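> Sequence isn't available, so here's the structure alone:
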């Protein structure tokens with residue numbers, strides 16, 4: 001019989017090996033904050049199904065040693081602003097200011113005003129990280145998506161009741177319901193061909209009022225989870241051949257939605273044709289948060305100059321017909337703010353009010369697209385009329401240079417991976 005070898009125990013020091021302790025994750029909220037009974041009690045005032053991420057906010061404000069915190073919320077959440085402000089002031093050393101200007105979307109992040117108010121930390125609620133925090137120099141940023149819990153089972157049953165197994169379904173929503181959307185998508189996949197379409201830098205399934213992906217024609221239906229139609233209309237415009245439905249998570253009403261594509265196209269082409277004969281142009285740079293893109297403005301300026309067109313630049317936070325009527329010598333306007341201003345309300349203006357894409361068509365830079373492009377914040381946009389077009393982006397560091405960069409792990413917990421989340425809210429540091 002073979003003899004048994006004696007057991008040999010090697011100590012780390014005997015072979016020159018150092019034993020590392022458990023990895024310390026820098027984005028782990030301390031227990032003294034998570035388990036604080038007073039914080040838990042204060043949070044009870046807020047609706048239980050709305051995740052305002054109060055613990056994380058308190059921790060981040062303390063980490064930053066912030067002195068003044070600016071809170072920016074869309075109007076639908078503004079009713080909770082004072083409660084959140086009171087909690088932050090009670091459990092941190094900072095005072096707070098609530099920014100009352102209208103916030104339409106993720107493009108309205110108003111770090112400029114926050115800095116002007118003396119804030120050194122800003123929390124933006126209800127939208128995804130469209131404006132990365134490395135673009136908000138001089139102020140620390142935290143994005144809180146405000147994930148909303150809903151009756152996932154009813155939404156799931158509604159889809160199964162209305163669509164036979166085997167159908168190809170594209171599920172879309174806004175950032176508040178992306179977690180619910182992904183949960184329902186996973187439950188549907190055994191019986192359906194489920195798609196969570198993505199238009200980077202947005203998350204899978206997330207759409208904006210100005211940014212939605214083109215879908216394959218084999219998709220049987222678009223199902224939008226959310227109240228209102230503004231965001232839904234975006235993907236309807238981008239996919240006129242696919243039937244669209246809406247599930248309202250509050251009323252639990254499921255309805256088929258319609259959009260008059262022919263009327264919209266006719267009106268926009270009419271405005272473009274009228275603008276082609278314009279001698280004097282007006283370029284409106286939106287100043288509501290980060291709506292306006294100086295790069296898009298510079299591109300349009302260059303094109304007008306090369307064509308010998310006269311133009312003026314006007315800065316406006318909000319665009320009203322009465323305001324533009326004060327400048328009657330302008331023959332055509334191009335607004336670099338929100339494409340939907342032109343699509344939805346262009347007929348309210350006495351002169352053509354074009355989006356940057358429509359201006360590109362009017363100036364004969366591109367041909368009219370039979371499918372109206374909803375690619376304003378897409379990384380794969382069709383032209384320089386969009387802020388995220390490669391020609392309008394700064395040169396970014398190489399991967400080797402950014403290996404030690406921060407990673408938005410908290411987004412991964414929501415199913416939003418760091419590959420397409422640029423908020424860098426919570427870094428991970430290994431020691």
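On my side now, so go ahead. Quick caveat: nothing in here was measured; it's all calculated off a predicted structure.
> which residues touch residue 253?
Residue 253 is in contact with residue 247, counting by C-beta atoms under 8 Å, 6 or more residues apart in numbering. Yep, even glycine has a C-beta here, placed from its N, CA and C like the rest.
> what's the spacing between residue 279 and residue 389?
As judged by C-beta to C-beta, to the nearest Å, residue 279 and residue 389 stand 28 Å apart.
> Please identify which of those two sits among more neighbours.
Neighbour tally, residue 279 and residue 389, criterion other C-beta atoms under 10 Å: the higher count belongs to residue 389, 20 against 12.
> wait, what's in contact with the spatially closest residue to residue 214 that is not a sequence neighbour?
Of all residues not flanking residue 214 in the chain, residue 238 sits nearest, at 5.6 Å (C-beta to C-beta, 6 or more residues apart in numbering). When contacts are counted by C-beta under 8 Å, 6+ apart, residue 238 is found next to 212, 213, 214, 215, 371, 372, 373, 374.
> was I right about the first one contacting residue 234?
Yes - if you go by C-beta atoms under 8 Å, residue 212 and residue 234 touch, sitting 4.3 Å apart.
> which one of these two has more residues nearby?
Counting neighbours by other C-beta under 10 Å for residue 212 and for residue 234 shows that residue 212 has the greater number, 28 against 25.
> show me what contacts the more buried one?
172, 197, 199, 234, 235, 237, 238, 239, 374.
> picking up where we left off before, and the residue nearest to residue 214, how far is that from residue 383?
Distance from residue 238 to residue 383, by C-beta to C-beta: 15 Å.
> and what of residue 176?
31 Å.
> And residue 356, by the same measure?
Separation of residue 356 from residue 383 (C-beta to C-beta): 8 Å.
> Give me the more crowded residue out of the two.
Using other C-beta under 10 Å as the criterion, residue 356 and residue 383 rank with residue 356 on top: 24 against 17.
> per-residue pLDDT, the more buried one?
Residue 356 is assigned a predicted lDDT (pLDDT) of 97.
> Ok, the one 5 residues further on next?
According to the per-residue confidence, residue 361 scores 98 in pLDDT.
> Identify each of the helices in the stretch 151-300 of the chain and give its residue range.
Along the stretch 151-300 of the chain, counting by DSSP state H, counting those that start in this stretch, helices occupy 152-162, 178-188, 230-238, 261-275, 294-306.
> Tell me the helix or strand right after the last one.
The first helix or strand that comes after helix 294-306 along the chain, using DSSP states H and E, is strand 310-316.
> Could I get the buried residue list for the following helix or strand past that following strand?
Once the chain leaves strand 310-316, the next helix or strand it forms, by DSSP H and E, is helix 321-324. For helix 321-324, the neighbour count (16 or more other C-beta atoms under 10 Å) marks residue 324 as buried.
> Report the rounded mean pLDDT for helix 321-324.
Averaged across helix 321-324, pLDDT comes to 97.
> Which strands or helices does the helix or strand where residue 33 lies pack on?
Assigned by DSSP H and E, residue 33 belongs to helix 31-34. Under the contact criterion of 3 or more C-beta pairs under 8 Å, 6 or more residues apart in numbering; DSSP states H and E, helix 31-34 touches helix 54-64.
> got the buried residues for the helix it packs on?
Neighbour-count burial for helix 54-64, counted by 16+ other C-beta under 10 Å, picks out 54, 55, 56, 57, 58, 59, 60, 61.
> What helices and strands are in contact with it?
Packing partners of helix 54-64 (3+ C-beta pairs under 8 Å, 6+ apart): helix 31-34, helix 37-43, helix 81-91, strand 121-125, strand 140-144.
> Residues contacting the second one, please?
Okay, so that is helix 37-43. With C-beta under 8 Å, 6+ apart, helix 37-43 has contacts from 33, 52, 54, 55, 58, 86, 87, 90, 91.
> Point out where the stretch 1-150 of the chain drops to low pLDDT.
Residue ranges of the stretch 1-150 of the chain with pLDDT under 70: 1-26, 133-135, 137.
> check which helix or strand covers the residue nearest the centre of the chain.
Centrality entry for the chain: nearest residue to the mean C-alpha point is residue 128, 3.8 Å, by C-alpha atoms, centre = their mean. Counting by DSSP H and E, no helix or strand carries residue 128.
> Run a quick neighbour tally on the closest residue to it other than its chain neighbours.
Closest residue to residue 128 apart from its sequence neighbours, by C-beta to C-beta, 6+ apart: residue 175 at 4.4 Å. Using other C-beta under 10 Å, residue 175 is surrounded by 25 other residues.
> now residue 191
By other C-beta under 10 Å, the residues close to residue 191 number 14.
> got it, and residue 206?
27.
> before we move on, what about residue 364?
Close neighbours of residue 364, defined as other C-beta under 10 Å, add up to 10.
> For my notes, confirm it occurs in a strand.
No - Residue 364 is assigned coil when assessed by DSSP: H, G, I helix; E, B strand; the rest coil, not a strand.
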